[in-house]
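Novice: Task: produce atomic coordinates for the following.
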Amino acid sequence: MGTNGEADYSQYMAEQEARWEGLCRRCGACCGVPEDPCEHLVGDRSGKYHCDIYGTRFGARRTVSGKEFNCVPLRDILHKHWAGDYLCAYKENLKLPWQGII
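Specialist: The predicted structure is shown next:
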């Protein structure tokens, strides 16, 4: 693959990542807001949340109450249920294999 192809691919991947990240409503549900949130989750006055260690979030973490858990990429848990997952734009946009069959 030539340099131009690599640049095109890098740009494409950056655009896809931005599109994926742009889906998030910052509801905090995936980080435990409805129950026992991660200690790194920060809320603002508008009710939106963000992770204060987002770039290095994966791995062993603790909730506000001290419970230990592993932070994983959201794609690893999209097929599971968690408290408040109905708020998640990623789950809302998830295309399930059987949708559209009937």
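Novice: Does anything pack onto the helix or strand harbouring residue 14? Which helices or strands?
Specialist: Secondary-structure assignment from DSSP states H and E places residue 14 in helix 3-23. In terms of contacts (3 or more Cβ pairs under 8 Å, 6 or more residues apart in numbering; DSSP states H and E), helix 3-23 is packed against helix 89-93. No exception for glycine: its C-beta is placed from N, CA and C like everyone else's.
Novice: tell me which residues of the helix it packs on are tucked away?
Specialist: By neighbour count on 16 or more other Cβ atoms under 10 Å, the buried set for helix 89-93 is 90-91.
Novice: With just CA atoms, put that helix into CSV.
Specialist: The C-alpha coordinates for helix 89-93 follow below in CSV (Å, rounded to 0.1, in the frame of the first residue of the first chain):
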residue,chain,number,x,y,z
ALA,A,89,-27.1,6.0,22.2
TYR,A,90,-24.7,3.2,21.2
LYS,A,91,-27.2,0.5,22.2
GLU,A,92,-29.9,2.5,20.4
ASN,A,93,-27.9,2.5,17.2
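Novice: Next, the buried residues of the helix or strand just after the helix holding residue 14.
Specialist: Using DSSP H and E, the next helix or strand after helix 3-23 towards the C-terminus is strand 41-43. Judged by neighbour count (16+ other Cβ under 10 Å), strand 41-43 contains these buried residues: residue 41.
Novice: Can you list the helices and strands that the helix or strand of the chain with the lowest mean pLDDT packs against?
Specialist: In the chain, the helix or strand scored least confidently by mean pLDDT, DSSP states H and E is helix 89-93, which has a mean of 86. Packing partners of helix 89-93 (3+ Cβ pairs under 8 Å, 6+ apart): helix 3-23.
Novice: So for the helix it packs on, mean pLDDT?
Specialist: Averaged across helix 3-23, pLDDT comes to 88.
Novice: Let's see that helix as CSV, backbone CA atoms only.
Specialist: Taking Å, rounded to 0.1, in the frame of the first residue of the first chain, the C-alpha atoms of helix 3-23 are listed here in CSV:
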residue,chain,number,x,y,z
THR,A,3,1.7,6.4,1.2
ASN,A,4,-1.5,7.9,-0.3
GLY,A,5,-3.5,4.8,0.5
GLU,A,6,-2.1,4.7,4.1
ALA,A,7,-3.1,8.4,4.5
ASP,A,8,-6.5,7.7,3.1
TYR,A,9,-7.0,4.8,5.5
SER,A,10,-5.8,6.8,8.5
GLN,A,11,-8.2,9.6,7.6
TYR,A,12,-11.0,7.1,7.1
MET,A,13,-10.3,5.6,10.5
ALA,A,14,-10.1,9.0,12.2
GLU,A,15,-13.5,9.9,10.7
GLN,A,16,-15.0,6.6,11.8
GLU,A,17,-13.7,7.1,15.4
ALA,A,18,-15.1,10.6,15.5
ARG,A,19,-18.5,9.4,14.2
TRP,A,20,-18.5,6.6,16.9
GLU,A,21,-17.5,9.0,19.7
GLY,A,22,-20.1,11.5,18.4
LEU,A,23,-22.9,9.1,19.1
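Novice: With that, I have no additional questions.
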